[in-house]
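1. Here is my input; please provide its structure:
(one chain, ligands or ions: 1)
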Amino acid sequence: MKKIVISTGGGDAPGLNAVIYAVVKSAHYRGWEVYGSRNGYKGLLNPEELIHLTPEMVEDITPTGGTILGSTNKGNPFAMPVENMAGETQIVDVSDRIMQNFTAMGFSCHIAVGGDGSLEIAHRFAVEKGMPVIGVPKTIDNDLLATQRTFGCDTAVATATEAIDKLHSTAKSHDRVMVVEVMGRDSGWIAINAGISGCADVILIPEIPFDIDKVCAKINDNELHHKHYAIVVVAEGACGKNEKVICKSQEESEVGRQEVLLGGIGDWVAKQIKKKTGKDTRSLVLGHLQRGGSPTNFDRQLALRFGGAAVRMVEDGIFDHMVALATPNMKPVPLAEAIKSRKKVPLDSDKVMTARDIGICLGD
Ligand code: F6P
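-> Next up, the predicted model:
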C-alpha cells in the first residue's frame, strides 16, 4: 500500500480543493492512503499538523474556494522564518527535518500543488534530498510555460469580467474614466482576457510597456465619438515606457516572502489620466477577490484531471515531474523544465490582434 502526502503552497487559487478531492479519491480507489500537510510544508515539519484525508472528509469540497489544507507563501523550508527563544525571527534551513519526517512516516510520494515558487522547492527536495515528488501547477496568473493552462485563472478572469461589466454602468452614469487593476504578476493573462470580454477601452499588460499619452489619446478619442466614459484595465505588473514596475512599499514586505508584492499601477495610471485629460477618474484594485469563490467548470475539471493524472504518475513511478495539460491529454514534464520559464501573452496572438481590431488601446 502506498502513502501519499499532499500539500498546497503559495497563493491560493480556486480549484485547489478539487485537486485534493481527486487525489484522495484516486488513491483510495487503488487502496492507498493520503495525508494532507497543513500550510505548505508545516505539516511535514510538525507531523501533528498532518491530516489523514479520507474520502468522507473531501466529499463536498470540489466546488469550494481556497484550500482545506491552508497555504503560505512564506514557507520555503530551505529558508524558513522561525522564532527563536528570544522571540526573534531567524531564517533557518529545515529541509533535513522535513525529509526525516517524510521517511519516518513511510510516505511513498509528495504531491506538491503550487506555482513556480512551490514547484521550485519541490524540485530542490527531489534533487538535493531524494524525495519522490510530483508537481501540480496552480496559479491564477497562468504564467507557467510548461502547461497549456493552470487552474484558477479561468475563475479569476470570470470574477474580473463581472467587475468590469459592473463598472460600465457607473462609469457611463458619471462620464468617468474607471481604472481597474487586476492581478497576474508579470503576465497579462487576467487583464487581456477580462479586458476583451468586458469590452474595455484600454488594456495595459506587462508584455507591452505603455505610453500614457497613447492611453489619454484613446480617452480623448472616445469623447470625439460621443462616448464620455472609459474603462481601463491595468495588470498589476504593467509598466509605463521608461518607468519602473510599481511595488508595495518596503514596510509592507513580509519576512520569508520570496517575491516582491506588486500593486499601485492602477492608481498611478488614474492620476496621469486625470492630469492629462481633465476627466473625472477613479481607480480600484480588484485584489484578492480574484482568488476567491467557487471554481468555474473549466477550473474544476482541470483541477480534477490534474489530481487524477498525478496519482497515475505515482503509480507509474514518474517523480521529479509536473503534470501538464497538453490538450486533449495530460503529460509529465520534468520539474527542472517546468520552472525554467514564464508564460507571457504572445504579442502576435489572435487574442492581441482581436483586441486591436475591436478598437482596444494596448498603450503602444
Ligand atoms: O501569484 C498569485 C497572486 O495572486 C499574484 O497575482 C499576486 O501578485 C500575488 O499572488 C499576491 O500575493 P499575496 O496573496 O501574498 O498578496
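
2. Residue in the stretch 151-300 of the chain with the shortest distance to the ligand?
-> residue 183 (3.2 Å; Cβ to the nearest ligand atom). C-beta here means a position set from N, CA and C on the backbone, and glycine is covered the same way.

3. Ignoring the adjacent residues along the chain, who's closest to that residue?
-> Spatial nearest neighbour of residue 183, excluding adjacent residues (Cβ to Cβ, 6 or more residues apart in numbering): residue 290 at 5.2 Å.

4. so the one you found touches residue 190, yeah?
-> Yes - assessed by Cβ atoms under 8 Å, residue 290 is found in contact with residue 190 at 6.8 Å.

5. what's the overlap in contacts for those two?
-> 140, 156, 160, 182, 183 (Cβ atoms under 8 Å, 6 or more residues apart in numbering).

6. So which residues of the stretch 101-250 of the chain form strands?
-> 109-114, 133-137, 177-182, 202-204, 230-235 (DSSP state E, counting those that start in this stretch).

7. anything in stretch 339-348 near the ligand?
-> No - remark: stretch 339-348 sits outside contact range of the ligand, by Cβ under 6 Å from any ligand atom, the gap being at least 11.3 Å.

8. can I assume the residue nearest to residue 183 sits in a helix?
-> Yes - membership of residue 290 in a helix is supported by DSSP: H, G, I helix; E, B strand; the rest coil.

9. Check the spacing between it and residue 160 real quick.
-> As judged by Cβ to Cβ, to the nearest Å, residue 290 and residue 160 stand 6 Å apart.

10. shared neighbours of those two, which are they?
-> Common contacts of residue 290 and residue 160 (Cβ under 8 Å, 6+ apart): 182, 190.

11. which stretches of the protein have low pLDDT?
-> 250-253 (pLDDT under 70).

12. Give me the most central residue, it.
-> Compute the mean C-alpha point of the chain, and by Cα atoms, centre = their mean the closest residue is residue 139, 2.6 Å away.

13. And that one, how close does it get to the ligand?
-> For residue 139, the distance to the ligand equals 5 Å [Cβ to the nearest ligand atom, to the nearest Å].

14. Might you report the residue contacts of that residue?
-> Contact analysis of residue 139 by Cβ under 8 Å, 6+ apart lists 10, 11, 13, 115, 116, 150, 152, 153.

15. Near the ligand, which residues of the stretch 1-150 of the chain are found?
-> So far as Cβ under 6 Å from any ligand atom goes, the stretch 1-150 of the chain lies against the ligand at 11, 73, 115, 139, 140, 141.

16. again, 5 Å this time
-> Residues of the stretch 1-150 of the chain lying near the ligand by Cβ under 5 Å from any ligand atom: 11, 141.
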